[in-house]
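A.B. asks: Quick one, what's the 3D model for this:
(chains A and B)
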Amino acid sequence: MTKKLIVFSCFLCSLLSLAQEHIPKNDGVKTIHSNFTAFKNAKIHISPNQVIENGTLLIKDGKVVSVGTAVSIPKNCLVNDLSGKSIYPSFIDIYSTFGIKKIEPPSGDSKSPQYDASREGFYWNDHMRADQNALDHFEYDDKEAETLRKAGFGVVNTHIEDGIVRGTGTLIALNSEDSDAKRILSASSAQYLGTSKSKTSRQSYPNSIMGAFALLRQVNMDADWYASGNIKEKDRALEAFIANRNMVQIIEAGSKMNALRLDKIGDQVNTQYVFVGGGDEYEYIKDIKATKGSFIIPLNFPDAYDMENPFLASSIQLDELREWNQKPSNPKILADNNVPFALSTYKLKDSKDFMANLRKAIEAGLSKEKALAALTTVPAQIIGKSTLLGTLNTGAYANFLVTSGDLFDKKTIIYQNWVTGIKNELVAIDTKDIRGDYSFNLGTTAYELTIKGELEKLKSEVKADNKKLGSKISLEGDWLNLTFSTIDTTKHQFIRLVSNVDNTTSFSGKAYLPNGNQTSFIAKKTEKVNASEDKKEDKKEENDEDEQEAFLEAKSFYPVTFPNMAYGFKTLPQQETLLFKNVTVWTNEKEGIIKNTDVLIKGGKISKIGENLNASDAKIIDGKGKHLTSGIIDEHAHIATASVNESGHNSTAEVTQEDVIDPEDINIYRNPAGGVTSIQILHGSANPIGGRSAIIKLKWGESADHLLYKDMPKFIKFALGENVKQSNWGANNTIRFPQTRMGVEQVYIDYFQRAKEYDALKKSGKPYRKDVEMETLAEILNKERFISCHSYIQSEINMLMKVAEQFNFNINTFTHILEGYKVADKMKAHGVGGSTFSDWWAYKYEVNDAIPYNAAIMHNAGVTVAINSDDSEMSRRLNQEAAKSVKYGNISEEEAWKFVTLNPAKLLHIDDRVGSIKVGKDADVVLWSDHPLSIYAKAEKTIIEGVTYFDIDRDKQLRVSIEKEKNELTNLMLQAKNKGLKTKPIEKKEKQHFHCDTNF
Amino acid sequence: MKNLKHKILGFALLLSMVVFAQQTPAPKQKKDIAIFGATAHIGDGTVIENSCLIIKDGKIATIASAEQVKFNVKGMDIITATGQHIYPGFIAPNSTLGLVEVDAVRASNDADEVGAMNPHIRSLIAYNTESKIVESMRPNGVLMGQITPRGGRLSGTSSIVQFDAWNWEDAVIKEDDGIHMNWPRAFTRGRWWLGEPSNLKVNKEYSKQVDNVTAYFNESKAYQAGDKSPKHLPFEALQGLFDGSKKLYVHVNSEKGITDAITFVKENGVQHMVIVGGYEAYKVANLLKHHNVPLLLQRVHSEPNSDDDDYDLPFKQAKQLVDLGILVGLENAGGMERMNARNLPFLAGTCAAYGLDKEQALSLITLNTAKILGIENQVGSLEVGKDATLFISEGDALDMRTNKLTKAFIQGRDISLESHQTELYKRYSNKYKQ
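C.D. replies: The predicted model follows:
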């Protein structure tokens, strides 16, 4: 006991010594509060895992002094008896913008783009704002604090939600009694980051998430370089970034996909980010878990759509219906998979919905301990404040809630929210619950009174002679006031009752009658016996709420598919051993087209080709009358990507499509339905030097990483012509160099010259500033990376070949290459391939001379020719596009077929793996119902590495099951509306069609 | 082999002509022409193997089996087309051919006039017969088009032309055939420039927009009933809808929109209507059938609107509708529609791949379209008395693999199958041979 006291006194002294003692005081004598406050007989949740019954919590000076069942209460102590009540640590929101002033856009109305930074003495990019500190933009918001406290929060880590690097956050206690001096628990805690640009600057770069990712990489490299003293100029943003590096890094991903993407960036820059999620993590839970990151999760569960109008409702897609059904299970699934997560009010329109949504998550299976942890210990741990926040252990801030019972029970009342030892009363703890039915008499008239509603906001109903009278009730402290109209309602006269309530079974007091007389009354609680009409209505209301809850609880969760949308797989299809019998095989090899033969696929490879093959373990596929070809390869695609162009600079070699693959694009399903198995996702054509490519296989259902080719050949997109000189971008876009073809050449020479010098410096062993853009261009010079260049006019095609020759490398592919036929001999001499459209022209001035014979002329001149799509619709008919070369230019059918298979494989340097049916190559094959170049041919099976990703029969079954599931979910949404649950109006999802010039 | 010889000959001939930018319209037919031996695809679903087709004064004088009938072909030009195929010229409805030359060049764009109610705007007078894109239609068998203005609620008046003419007066097949109306949309985009999210929201103005156009039609009818003074140009233009001399082409895709449009037409005394687009027409097929409303079905080679839709929904819809007895033609409006119009036969081919009989698919771009446009007495099939607007192809013209024209006639005139593009082809093929 004495020991305890000594420890305690020491602790006290330490607290006192921390206080500021030299504040002048002119309004009275100096007073120091040294009393303790104790809460006894409470059920105390010290932490999510540690609960004590009949415990005592002792606090002083804003912190917990002691907690337990044997706490001795000092004499100078205010004691609160909390028998029957519970205490919980209050909540922490570490992704908050509390008190941050609105970000103002820059003044002026210039319509021309801005390419340079606005700030001087900072980083070259305005959107890197590590120097920002939330505290500098902070103004305590009393009203918002009150709302948050009502929702159970005691502390928030607030930040400026603006920019890509957003600077440090500030840890604020929601203590409205004291000044910032006490509220600010930590002036700078955690560095915040995001993927969207700062509203304070119009600087163009980066205008895509690809660019944002690249910027994050480069900032880290520049910080290293600056930290080692190699930059002579002052850069306050980099200095701040370096200083903030040892803090926790919280990045706003906003979706599962971006979290996965950013985790890869994090790995590259040796940073484990904490991800602010999108609530959709459950859809890729394995990959989410593999990030090993912590998550901050919003609780913004969508309302059901209002599906009553079937015309409009038909535009709601299965994934949206499922989202409504499945999203509340996200926290449970994260918990089940041991992904550490904190919950946040982020993305919630109204923080009042927070508790209701939390209950939905608990109904969906999230344990209460995990829920509490996600609001207390986990966020505290993420920001490194476990000893001070999130629990009620000794030494922690006295931030806690006093409740009537189980915090997560709907009926529970939060009475008090204590923040740093300051009491905030939400509902008076001694408020008497007088809700119920009463009867009383005034004179000869018998009245029935029902009191209901929330404790803070009671509602009343008064009846007499079976007539409902208008009434109003209030309870302030113990004083009850009830006003109701007289029975003759036409007179507009009122009776007022006043009572000092002292128990919850009856109350008595004075009645003030309309004539000025006063009389006494006694109201006694009654038991409901005969439900009158009104009471039935009452019941209905109550029942509605119960029913709603029951409905939500009963609602089962539809299974997640891969991807989680229409045509997704319940379980991913497996590799099989397949034997095609008696099929016409288009080998693309010297064997040519072999009729009536067999092909065996095993272990994901072409195993055997020949007549009368046997394999005991193989699934036999009858190929009679059908054609088997290698899968179509599209050299130029913009599907399966979340971003096409980074157009903020004239060179963006630092950005890459690998960063932004979108495995949930329905085109990954539909393209194989047209026989496509591999594609190159190219950057767009907004700048002479574009971004790097991703070469993927269309393995529907797999995550981004699994789509990418292993040891993927390195490619980059270049572009020439109208797009890069911004000819069709409107009158405001006339300031970026280059605006002419003359300028385009100089851009290339400039960048390659710099890359050459960069590479030389790098190879010399001297220190150099690591620059991803230069690294990429140096790879081209070193023949490690290939160029696929968007091109139209012969002059510029010729120019780029000459520039490449000047720097001693070759252009790999001209894509589009619509005037390739004019310089086919030069292309042949240079050794560049041409990947062209079959028959597109007339959409721009520069395609006036585009002809459908282009492929034929280039082919005849010895150029390796491919036909590409650049279009998600045409890509599913590339076999037909190849057939046009038979029509336009008399190419043989066998050669025409290579235009969409072997030749693009060669151009992409993957012809050792795909592009023909040859023993040992990947089993990427298509079974066609007819001659593959014929318009009447349909792909019946599309197989990648022995896995059947598209099957025309399975597709039919999927259609039926999609229809069924949509019907069921639509009915559930209709029921939800019928039960009185909130709905939202129909909105139509729109599929973006990406092309080269999509600026996104 | 024979073909090859023809080609070499033609090639040599053409080398001397490359100086011309556009093809010169062919002179009027002088001698009668008899085509023997080809498989004739009539356009009405029937086929005559080993046919004989005789062209006189620009019209089809005879079409019959060469085996069963003896023909006096003295003095005629004889074309032997054994193993080849004859088709009626394809018709591209709802097209902006000749109104825009290069999409990105504003100065070359004459498709979309300012204003919402422009029924009096006439496409015909802006139709450029010298368009390099128009001439590129012909080598694929697309020989006629309905030239249609775009934009607004009432875009204007279309006319139907053939693709080998000196000027628009020469070109016309049917002048001012119909008025085009863009039906109010069920969904509208948020006004992003006002900070609204740019996604598609339910169009709250829909009813008002329908009311507005209804009121406009009522005003017009009232005007027609009076002394028409002072003259009201747009109302004058609408008159043809009420007297049956013009058709109303309602461009609409949604189930509800189609239903409302049919109600609108019936209630307003419009005599003939055609639905253009009709992405969701399969959902209201019975209604179309009941009211005998024909459909120009949207570009077959397009993606489904919703992720949930069948991947082949746009491919197979023609089959569904034709089976229900609806008169269906194919149109090709949308991105890059002009240069893409030459792929019209392949849209029909896809409809055949996804269910239709090949001859039925052919009707979608020939006789059906002619009926829908009201020109079936003049063109659309290989029938006696109709214009000899037809072509000979080496193979199946609905398949790009075999669509290879050897001859084409417009009103009996033996037209050039060359174009700016074939000339460049020859010029550069020749360059590399030197």
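
A.B. asks: could you say which helix or strand contains residue A:257?
C.D. replies: Assigned by DSSP states H and E, residue A:257 falls within helix A:256-268.

A.B. asks: With just CA atoms, put that helix into PDB.
C.D. replies: What follows is helix A:256-268, C-alpha atoms only, in PDB (Å, rounded to 0.1, in the frame of the first residue of the first chain):
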ATOM      1  CA  LYS A 256      -7.800  -2.300 -52.600                       C
ATOM      2  CA  MET A 257      -6.300  -2.000 -56.000                       C
ATOM      3  CA  ASN A 258      -4.400   1.200 -55.200                       C
ATOM      4  CA  ALA A 259      -3.200  -0.300 -51.800                       C
ATOM      5  CA  LEU A 260      -1.700  -3.300 -53.700                       C
ATOM      6  CA  ARG A 261      -0.100  -0.900 -56.200                       C
ATOM      7  CA  LEU A 262       1.300   1.400 -53.600                       C
ATOM      8  CA  ASP A 263       2.600  -1.500 -51.600                       C
ATOM      9  CA  LYS A 264       4.800  -2.300 -54.500                       C
ATOM     10  CA  ILE A 265       6.000   1.300 -54.700                       C
ATOM     11  CA  GLY A 266       6.600   1.100 -50.900                       C
ATOM     12  CA  ASP A 267       8.800  -2.000 -51.400                       C
ATOM     13  CA  GLN A 268      10.900  -0.100 -54.000                       C
END
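
A.B. asks: quick one: contacts of the helix or strand just after it?
C.D. replies: On the C-terminal side of helix A:256-268, the closest following helix or strand by DSSP H and E is strand A:274-276. For strand A:274-276, contacts defined as C-beta atoms under 8 Å, 6 or more residues apart in numbering or on different chains pick out A:95, A:190, A:248-254, A:259, A:262-263, A:291, A:293-296, A:298, A:344, A:346, A:382. Placement of C-beta: from N, CA and C, glycine included.

A.B. asks: Swap in 7 Å and give it another go.
C.D. replies: With contacts defined as C-beta atoms under 7 Å, 6 or more residues apart in numbering or on different chains, strand A:274-276 is touched by A:95, A:248-254, A:259, A:262, A:293-296, A:346, A:382.

A.B. asks: Same question for the helix holding residue A:257: list its buried residues.
C.D. replies: A:256-263, A:265-266 (16 or more other C-beta atoms under 10 Å in any protein chain shown).

A.B. asks: Below-threshold pLDDT in the stretch 401-550 of chain A: ranges please.
C.D. replies: By pLDDT under 70, the low-scoring segments of the stretch 401-550 of chain A are A:528-550.

A.B. asks: Could I get the full set of strands for it?
C.D. replies: A:414-418, A:436-442, A:445-454, A:457-464, A:467-469, A:471-476, A:479-485, A:494-500, A:506-512, A:518-525 (DSSP state E, counting those that start in this stretch).

A.B. asks: What of the stretch 201-350 of chain A?
C.D. replies: Using DSSP E, counting those that start in this stretch, the strands assigned to the stretch 201-350 of chain A run over residues A:249-252, A:274-276, A:295-298, A:304-305, A:341-344.

A.B. asks: In JSON lines, list those along with mean pLDDT and distance to residue B:101.
C.D. replies: What follows is those, written out as JSON lines (pLDDT from 0 to 100; distance: least, C-beta to C-beta, whole Å):
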{"stretch": "strand A:249-252", "mean pLDDT": "98", "distance to residue B:101": "47"}
{"stretch": "strand A:274-276", "mean pLDDT": "98", "distance to residue B:101": "51"}
{"stretch": "strand A:295-298", "mean pLDDT": "97", "distance to residue B:101": "51"}
{"stretch": "strand A:304-305", "mean pLDDT": "94", "distance to residue B:101": "45"}
{"stretch": "strand A:341-344", "mean pLDDT": "97", "distance to residue B:101": "56"}
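
A.B. asks: need those in JSON lines with mean neighbour count, can you?
C.D. replies: Compiled in JSON lines, those are given as follows (neighbours: other C-beta atoms under 10 Å in any protein chain shown):
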{"stretch": "strand A:249-252", "mean neighbour count": "24"}
{"stretch": "strand A:274-276", "mean neighbour count": "28"}
{"stretch": "strand A:295-298", "mean neighbour count": "25"}
{"stretch": "strand A:304-305", "mean neighbour count": "22"}
{"stretch": "strand A:341-344", "mean neighbour count": "28"}
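
A.B. asks: Please list all residues in contact with the residue in the stretch 51-200 of chain B that chain A sits nearest to.
C.D. replies: The stretch 51-200 of chain B approaches chain A most closely through residue B:200 (3.8 Å), counting by C-beta to the nearest C-beta. By C-beta under 7 Å, 6+ apart, the residues touching residue B:200 are A:987-988, A:990, B:187-189.

A.B. asks: from the buried residues of helix A:256-268, which is closest to chain B?
C.D. replies: Out of those, the member with the shortest distance to chain B (by C-beta to the nearest C-beta) is residue A:257, at 15.9 Å.

A.B. asks: and that closest one, how far is that from residue A:701?
C.D. replies: 15 Å (C-beta to C-beta, to the nearest Å).

A.B. asks: thinking again about what came up before, and the contacts of residue B:200, which is closest to residue A:820?
C.D. replies: residue A:990 (34.9 Å; C-beta to C-beta).

A.B. asks: part of a helix, is the closest one?
C.D. replies: No: remark: residue A:990 does not belong to a helix; assigned using DSSP: H, G, I helix; E, B strand; the rest coil, it is coil.

A.B. asks: For beta bridges, what are the partners of the spatially closest residue to it that is not a sequence neighbour?
C.D. replies: Using C-beta to C-beta, 6 or more residues apart in numbering or on different chains and skipping the chain neighbours, the partner closest in space to residue A:990 is residue B:200 (5.5 Å). Residue B:200 has these beta-bridge partners by DSSP bridges: residue A:988, residue B:189.

A.B. asks: if I look at residue B:200, how far off is residue A:989?
C.D. replies: In terms of C-beta to C-beta, residue B:200 sits 8 Å off from residue A:989.

A.B. asks: Near chain B, which residues of the stretch 601-750 of chain A are found?
C.D. replies: Contact residues, the stretch 601-750 of chain A versus chain B (C-beta under 7 Å from any C-beta of the partner chain): A:666, A:670, A:673, A:728.

A.B. asks: Could you save the residues you listed as JSON lines and add columns showing pLDDT, neighbour count and distance to residue B:282?
C.D. replies: Formatted as JSON lines, these follow (pLDDT from 0 to 100; neighbours: other C-beta atoms under 10 Å in any protein chain shown; distance: C-beta to C-beta, whole Å):
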{"residue": "A:666", "pLDDT": "97", "neighbour count": "26", "distance to residue B:282": "20"}
{"residue": "A:670", "pLDDT": "98", "neighbour count": "25", "distance to residue B:282": "19"}
{"residue": "A:673", "pLDDT": "98", "neighbour count": "24", "distance to residue B:282": "20"}
{"residue": "A:728", "pLDDT": "89", "neighbour count": "16", "distance to residue B:282": "37"}
